[in-house]
Each structure stands twice: as C-alpha cells, then as structure tokens.
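Asker: pasting the sequence and the predicted coordinates here, then a few questions.
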Amino acid sequence: MSLGVQDFEPTVQQAVNRIQTEAETLAVLEAARAQGFRSVSVDLMYGLPRQTVSSFGRTLDRIIEFAPERLSVFNYAHLPERFKPQRRIDEAQLPRPEVKLQILQETIDRLTAAGYVYIGMDHFARPDDELALAQRNGTLYRNFQGYSTHADCDLIGLGMTSIGKVGNTYGQNERELDAYYARIDAGRLAVFRGIALSRDDEIRRDVITRLICHFELSYAGVEQAWGIAFADYFATDLPKLAPMAADGLLELDGNGIQVLPRGRLLIRNICMAFDAYLAKKTGPVGFSKVI
C-alpha cells in the first residue's frame, strides 16, 4: 500500500490546497498493518511552495517515527500549463533549486541515519524490505510506477490517465473524464494512445533499467543479451558520459559503467545519455526537472 502524504506542514498544505493530518496518516498506516500488508510506502514531495529545509525536516521526524517500510521522496514538477489545479499555486513561493537540493541531501542523510537504504530514484526502504533485498541480489526492476520486485510483467492501467504495459507495448487511457466514460460506455478500451517498442527501444530500456536499478552496467551482459557490440552500438551516446566521469559522477572504462555515490543523485541525467527520444526533442521538455 502507498500513502500520499507529501508534507505535514500546515503552511505548505494550505499553499497546495491540501489537508491531511498526521493522525489520519498514522491511523491508515496502522489499519493497513492490521489487515496484513507486509510493506507500506509513504510518498513525500520536496519543492512545494513555502517549504524550507527545517520545515521538511519536521515532516521527516514524524514519518521516521511512523516507521513505514518504504519511502518515496519526489521532486515536485510545476507544470501549470498541463495541470489545471497547479494554476492556483503561487510560483513565487516555490523554493529555489539550491534549497531543493539541500532538502534532498538532508532527506537522504536523515533517512540513512534512521536505517533506511537509498534504493535510488527517490526511493528508500528498510534493509529487510523486499525492495532492498531485490537490489542486493540483483533482481530489482523498475517500471513507470517505480521500483518493483516483479520484473518485466504486464501491467493493466485502470482509470483516467493510467498507463498500461502489455508485452512490448505501452498504452495510456483518456485524460478527460467525459472522453474516458464515452469509450467505456461504447464498450471500448479507454486507451487513446500507445506505442509498440522497436528493438532499439527494448535495448535502450534494458540499458537504462540496469543503471537505474543497480548503478552499474556490464557491456558484456548487454552484448550477450542482445547480440550487439556495445561500443559500436552506442558510439554516439557514450561520449555524453565523459563530462559526468570528469565530475566524479561515474567511472567509465572498456568493461562498463560504474555509478559513484554522488552520481546516484543524478542517475536520471546519466540515463538520459541513452534516451534516443530525448536526443531528438527540440521543444520544451514536459517532465519534471531533476532538481
């Protein structure tokens, strides 16, 4: 079970038009455990209006007391042109990038000190949680919903905007309520767009997944899985990693890629080197900033 908390601070909740008390969250968490849920995850969000390092620290203190098995700490993506409710948020109240980076670093330090393992890509887990165990034994997987122990299985999206994955295809449901119900009432799938992956898509997904999940990549492993010569296949992509290696984010040699501790915070940037679609994009990027 996953609980969306975001932030307990009253001033922050007021700024994002949200009300959720600590008592309510604790009651749901305890009820989930009483019903037999082995792992409960709590979602937090940094970069919200009126947030500060100290205010977010108070939320962390309470969450650590609640002791959930997993935590997801996401960067808030302010996209008012896409999400109408965000237009009520005052951009002037959003924390500066350097403050967001401080919040993230403080979060990692405090959760690590409390015994959580930094899985990567905003996720933390207790050492005995199945996510941490999967990362240690090399079976961790990541899909578009986050880290998972169910490697490469089909996912069925239910409800508006949800994304499903079946085989080597992805499909997204209608984003507007009227259009969604119109398709359902007509006895049709609510999917309004999708993509079938090419062989290149699958190869690049494999490379990115290995880096995101394990922070290391063996060229030989990819070559054996796909029948390619890694250096030749990614001849235009590998040079993009050189500046990151110079900055101490990763080590690069003839055998593979090793992401260093400081590089784990910027694993998105490292993976972008292998994103063929991002390389072709010339317009504004419509997803969350890394920091």
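Answerer: The structure has been received and is ready for your questions.

Asker: what about Cys186, distance to Ala179?
Answerer: Careful, residue 186 is Ala; it's not Cys. 11 Å (Cβ to Cβ, to the nearest Å). (Glycine included, C-beta is placed from N, CA and C.)

Asker: can you check Ala235 too?
Answerer: 43 Å.

Asker: looking at the two, which is more packed in?
Answerer: Ala179 (14 against 10; other Cβ atoms under 10 Å).

Asker: excluding chain neighbours, what is closest to that one?
Answerer: Closest residue to Ala179 in three dimensions, ignoring its sequence neighbours and counting by Cβ to Cβ, 6 or more residues apart in numbering: Phe192, at 7.1 Å.

Asker: got the contact list for that neighbour?
Answerer: By Cβ atoms under 8 Å, 6 or more residues apart in numbering, Phe192 lies in contact with 172-175, 179, 183.

Asker: equivalent analysis for Asp247, please.
Answerer: Counted by Cβ under 8 Å, 6+ apart, Asp247 has zero contacts.

Asker: just the strands in the chain please.
Answerer: Counting by DSSP state E, the segments of the chain that form strands are 2-6, 41-46, 70-75, 117-120, 123-125, 141-143, 146-148, 163-166, 169-173, 191-196, 216-218, 250-252, 256-259.

Asker: ok, and the closest non-adjacent residue to Glu216?
Answerer: Among residues not flanking Glu216 along the chain, Gln258 sits closest, at 5.1 Å (Cβ to Cβ, 6+ apart).

Asker: if I read this right, Asp129 contacts Glu69, doesn't it?
Answerer: Yes: using Cβ atoms under 8 Å, Asp129 is in contact with Glu69, at 4.7 Å.

Asker: now do the residue of the chain positioned farthest from its centre, the pLDDT please.
Answerer: Largest separation from the mean C-alpha position in the chain: Ala186, at 34.5 Å (Cα atoms, centre = their mean). Looking at Ala186, its pLDDT stands at 96.

Asker: try the one 3 residues further on
Answerer: Model confidence at Leu189, given as pLDDT, is 92.

Asker: same deal with Lys289?
Answerer: Looking at Lys289, the pLDDT reads 56.

Asker: just Glu22 next, same as before
Answerer: So Glu22 comes in at 89 (pLDDT).

Asker: same question, Gly286
Answerer: Gly286 is assigned a pLDDT of 44 by the prediction.

Asker: do Arg18 as well
Answerer: 82.

Asker: may I see the contacts of Phe192 arranged in JSON lines, with pLDDT as well?
Answerer: Below are the contacts of Phe192 laid out as JSON lines (pLDDT from 0 to 100):
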{"residue": "Gln172", "pLDDT": "96"}
{"residue": "Asn173", "pLDDT": "96"}
{"residue": "Glu174", "pLDDT": "96"}
{"residue": "Arg175", "pLDDT": "91"}
{"residue": "Ala179", "pLDDT": "95"}
{"residue": "Arg183", "pLDDT": "95"}
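
Asker: and which of the residues you listed is nearest Val40?
Answerer: Lowest distance from Val40 to the contacts of Phe192 (Cβ to Cβ) belongs to Asn173, with 26.6 Å.

Asker: the closest residue to that closest one other than its chain neighbours - how many residues pack around it?
Answerer: Nearest non-adjacent residue to Asn173, counting by Cβ to Cβ, 6+ apart: Ala190, 4.3 Å away. Applying other Cβ under 10 Å, we find 22 residues neighbouring Ala190.

Asker: could you check how far Ala190 is from Tyr170?
Answerer: 14 Å.
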